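Peer 1: I'll drop the sequence and a predicted model, then ask my questions.
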Amino acid sequence: MALTRIKSRLILDGTLVAADVHADYKDGTAATPSLRTLGTGAAQACAGDDARLSDDRVASGLRTATTVVDISGATAPTAGQVLTAIDDESAAWADLPESLDPADVIVGEVPTGDIDGVNDDFTLANTPVAGTLQVYVEGVRMKLTDDYTVSGAVITFVSGAIPETGDNLLVDYRK
């Protein structure tokens with residue numbers, strides 16, 4: 001694409017008015033490329049009162065990233081709240097549980113215990129919140145009950161899934 005230089009500086013203040021646009025490039029018909037204007041005429045892009053230009057639309061449900069959600073003053077969020085999906089068509093503002101403090105999220109912990117192909121018990125620094133433990137051996141995520149069990153802060157690997165000498169063992173969880 002060739003670079004076009006502007007030789008004139010007629011639009012000094014940054015304001016573009018109709019006189020600054022050549023007639024061939026404004027208010028054209030639908031099939032003609034132009035800087036079409038808003039209004040009510042047949043050559044306009046859409047009427048100035050077209051509903052698509054309004055932010056007063058009410059969403060019928062939360063379905064896409066572009067859906068407008070109408071939140072009245074009575075249901076407006078307070079500081080620290082997040083929008084939580086209730087189902088595929090509705091949502092509500094909710095407080096974050098205090099347990100979601102970033103300090104409670106443990107990532108990349110190496111449990112204590114000998115990684116020797118024989119030891120099957122490894123101890124975590126904290127007891128994980130149920131359902132949040134993720135165990136990785138050599139970067140492969142292990143599956144609860146198939147590869148290991150957990151009781152309190154102790155992980156017990158099942159036969160055949162015990163980490164071998166030299167394996168990297170990492171865990172992520174919420175405490």
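Peer 2: Arrived safely.
Peer 1: Spit out the contact partners of residue 149.
Peer 2: For residue 149, the residues meeting the contact criterion (Cβ atoms under 8 Å, 6 or more residues apart in numbering) are 155-156, 158. C-beta coordinates here come from the backbone N, C-alpha and C atoms, glycine included.
Peer 1: let's see 7 Å
Peer 2: Contacts for residue 149 (Cβ atoms under 7 Å, 6 or more residues apart in numbering) come out as residue 156.
Peer 1: likewise the one 3 residues further on?
Peer 2: With contacts defined as Cβ under 7 Å, 6+ apart, the neighbours of residue 152 are residue 127.
Peer 1: Could you report the distance from it to residue 166?
Peer 2: 28 Å (Cβ to Cβ, to the nearest Å).
Peer 1: Just the pLDDT at residue 103, thanks.
Peer 2: Model confidence at residue 103, given as pLDDT, is 84.
Peer 1: ditto for residue 93
Peer 2: Residue 93 carries a pLDDT value of 76.
Peer 1: try residue 38
Peer 2: As predicted, residue 38 sits at a pLDDT of 52.
Peer 1: what does residue 161 give?
Peer 2: Predicted confidence (pLDDT) for residue 161: 95.
Peer 1: what sits against it?
Peer 2: Neighbouring residues of residue 161 by Cβ under 7 Å, 6+ apart: 142, 147-148.
Peer 1: Need the three-state assignment for it.
Peer 2: Per DSSP: H, G, I helix; E, B strand; the rest coil, the secondary structure class of residue 161 is coil.
Peer 1: Ok, residue 19 next?
Peer 2: Counting by three-state DSSP, the backbone at residue 19 sits in helix.
Peer 1: After the helix or strand of the chain with the lowest mean pLDDT, which helix or strand is next?
Peer 2: Taking mean pLDDT, DSSP states H and E as the measure, the chain has strand 81-87 as its least confident helix or strand, at a mean of 69. Next along the chain after strand 81-87, taking DSSP states H and E as the criterion, comes strand 90-95.
Peer 1: Tell me which stretches of this protein form strands.
Peer 2: Along the chain, counting by DSSP state E, strands occupy 81-87, 90-95, 105-109, 121-123, 134-137, 140-141, 148-151, 154-157, 169-174.
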